[in-house]
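fold the following for me, if possible:
(one chain, ligands or ions: 1)
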Amino acid sequence: MNYIVEATNLGKNYGSFRALNGISFFIRPGECFGLLGHNGAGKTTTMRMIYGLSTVEAGELRLFGEPISLTPSSIKSRIGVVPQEDNLDPDLTVIENLIIYGGYFGLAKDQALQRGRELIGFMGMEEKENASVDSLSGGLKRRLVIARALMNRPELVILDEPTTGLDPQARRLVWQKLRGLKADGVTLILTTHYMEEAAQLCDRLIVLHEGRVLAEGSPAELVAAHVMSEVIEVHLPLDRIPSGFSESVTAAGGQVMTVAEGLFLYSNQGHELWQQTAAWGVPAHACILRPSTLEDVFLKLTGWEGDE
Ligand SMILES: Nc1ncnc2c1ncn2[C@@H]1O[C@H](COP(=O)(O)OP(=O)(O)OP(=O)(O)O)[C@@H](O)[C@H]1O
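All right, here's what the predicted structure looks like:
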């Protein structure tokens, strides 16, 4: 397999703080690979290494088959970056932002204009070509940042939380564009705090926690490997959960997790368990039965915020 990225035992310290503790992963051509983890898990540090903005202190990182230490700076022309922040030039128009960026990759003005217009079309922003960046909504700015990352026709695009802060409609539009890129064979690396986004877009992903890889697989593989197939969300304050309830659930083969809402009960026979909750003192109206998702895997592996 010719991997696009081969990361083996990557390590990184900031002073005495160990930000990455020997992480390994391999990214295949044309896939969308996700990095999930709480704030501070090491996602941005990993992405910065891949883009050459952060040095590899331990382990090995290969891009397009070459060790990154030996990779000429021209490798950057094969990579596109969508940073967390919208670092567009607010004084310029949409097309001017793209033309300037194209210049960094050696595109002459007419070539950059042509490529910029193609990308404005791809992003569905034709009416905004001459609009000032200041006048754009958050969703349009994000689409422009993605368009900008594509000016050099990269084979690999690194996206650091590309939809944070967007409304659901704008987020879905970005997803649609990212699916379009994948359909064109572009390899994507994505970090996100939205589990639905990861489940929708990622072919495979790793869950990072405190600089280590806790799990790796496709969203479906991770759900199958780490949680039972269904969840009953019990929305009740913990002091209103009857004593002995958790023990009854466990005795019936379920698993209980404490979360902010109350309790999550995991089971492969969710409906049967749900029918018994009333007899154990929790009314049916406080219980919601649903299939398990990547979010449940994430909660189980990394703990919910209340654990911190
Ligand atoms: N330049 C730095 N100096 C010192 N510590 C740093 C530096 N950059 C990152 N860190 C620390 O390293 C850890 C990993 O940071 P990183 O930005 O990679 O996390 P992250 O998973 O991307 O988080 P977020 O979701 O908040 O972006 C954090 O604890 C962070 O505080």
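
from here on, contacts and neighbour counts on C-alpha atoms
Will do.

what does stretch 79-99 contact?
Contacts to stretch 79-99, defined as CA atoms under 8 Å, 6 or more residues apart in numbering, come from residues 51, 109, 112-113, 116-117, 120, 128-134, 141-142, 144-162, 164.

partner strands of the helix-or-strand element of the chain with minimal mean pLDDT, parallel or antiparallel?
Using mean pLDDT, DSSP states H and E, the weakest-scoring helix or strand in the chain turns out to be strand 66-67, at a mean of 87. Strand 66-67 pairs in its sheet with strand 58-63 (antiparallel), by DSSP bridges.

sorry, back to before: what about the helix or strand following the least confident helix or strand of the chain, distance to the chain center?
Sequence order places strand 79-82 as the next helix or strand after strand 66-67, per DSSP states H and E. On the basis of CA atoms, centre = their mean, to the nearest Å, strand 79-82 sits 15 Å off its chain's mean C-alpha point.

for the helix or strand following strand 79-82, buried residues please.
Sequence-wise, the next helix or strand downstream of strand 79-82 (DSSP H and E) is helix 94-104. Across helix 94-104, burial judged by 16 or more other CA atoms under 10 Å covers V94, I95, E96, N97, L98, I99, I100, Y101, G102.

now the end-to-end length of stretch 204-213.
Start and end residues of stretch 204-213 are separated by 13 Å (CA to CA, to the nearest Å).

low pLDDT regions in this structure?
70-73, 304-308 (pLDDT under 70).

what sits against L150?
G80, L119, V157.

from the residues you listed, which single one is nearest the ligand?
Nearest to the ligand among the contacts of L150 is V157, at 16.6 Å by CA to the nearest ligand atom.

who does that closest one form a beta bridge with?
G80, L188.

what about it, neighbour count?
Using other CA atoms under 10 Å, V157 has 24 neighbouring residues.

ok, now which ones touch it?
By CA under 8 Å, 6+ apart, the contact list for V157 reads I79, G80, V81, V82, A149, L150, V186, T187, L188, I189.

which of those has the largest number of neighbours?
L188 (28 neighbours).

verify the stated contact: that residue with G30.
Yes: under the criterion of CA atoms under 8 Å, L188 makes contact with G30 at 7.3 Å.

okay, and the common contacts of these two?
K182.

what residues of the helix or strand L35 falls within count as buried?
For L35, the element it lies in under DSSP H and E is strand 32-36. Residues of strand 32-36 classed as buried by neighbour count (16+ other CA under 10 Å): C32, F33, G34, L35, L36.

likewise for stretch 202-221?
202-213, 215-219.

remind me what the longest helix anywhere in the chain packs against, helices and strands.
Longest helix of the chain, by residue count under DSSP state H: helix 168-183. In terms of contacts (3 or more CA pairs under 8 Å, 6 or more residues apart in numbering; DSSP states H and E), helix 168-183 is packed against helix 138-149, helix 195-201.

deepest-packed of those helices, please.
Among these, helix 138-149 has the highest mean neighbour count (mean count of other CA atoms under 10 Å), at a mean of 23.
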